[in-house]
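**Student:** Dropping a prediction and its sequence here:
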Amino acid sequence: METRQQPSQKEFSQRGFELDAHLKFSTELTRAHAEEAIKGWGNLRVTFYGEPDAVRAVRLTGDIERDQAREELRKGLESGLLRGAELGFRAFLRSEKSFEFMPWLKNRILKVSDLELVDFWDGIKYILE
């Protein structure tokens, strides 16, 4: 009886940067209103914080153009929809078995009015208060 070994599967991993954003709403929104408020951000992974009828914040992660993220952030802050945000393009390591965000390299704390200083350097988290 002959025994054959299965060739070992080589695990491939992917590295890169993607948006990791925590957006804080000015007032609590229903889930439907919160979904409507973030539709301009594109097809990102979404986590809502709060109750279905009282969403107070949202986390968005995924691939988006930096200019689009900057424009959506500007619209949310200038309209009064958002009272603050913590966001940036965070390093990640993805394999077939796991997905991990790397720690932020640096935090940059800014006033909400200093939106033009959000230049989205890789690994920098911008905290707008």
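**Tutor:** Right, received. Where do you want to start?
**Student:** Just give the closest residue to residue 22, not the sequence neighbours.
**Tutor:** residue 86 (4.5 Å; CB to CB, 6 or more residues apart in numbering). (Each C-beta comes from the backbone N, C-alpha and C, glycine too.)
**Student:** So what touches the least confident helix or strand in the chain by mean pLDDT?
**Tutor:** Ranking every helix and strand in the chain by mean pLDDT, DSSP states H and E puts strand 99-101 at the bottom, with a mean of 85. Applying CB atoms under 8 Å, 6 or more residues apart in numbering, the contact partners of strand 99-101 are 20, 90, 91, 92, 93, 94.
**Student:** follow-up on the earlier one: does the residue nearest to residue 22 sit in a helix or strand, and which one?
**Tutor:** Per DSSP states H and E: residue 86 is located in strand 82-95.
**Student:** Helices of the protein, start to end?
**Tutor:** Counting by DSSP state H, one finds helices in the chain at the ranges 31-37, 66-79.
**Student:** for the longest one, packing partners?
**Tutor:** Put plainly, it is helix 66-79. Where contact means 3 or more CB pairs under 8 Å, 6 or more residues apart in numbering; DSSP states H and E, helix 66-79 is packed against strand 13-29, strand 82-95.
**Student:** among the contacts of strand 99-101, which ones are buried?
**Tutor:** 20, 90, 91, 92 (16 or more other CB atoms under 10 Å).
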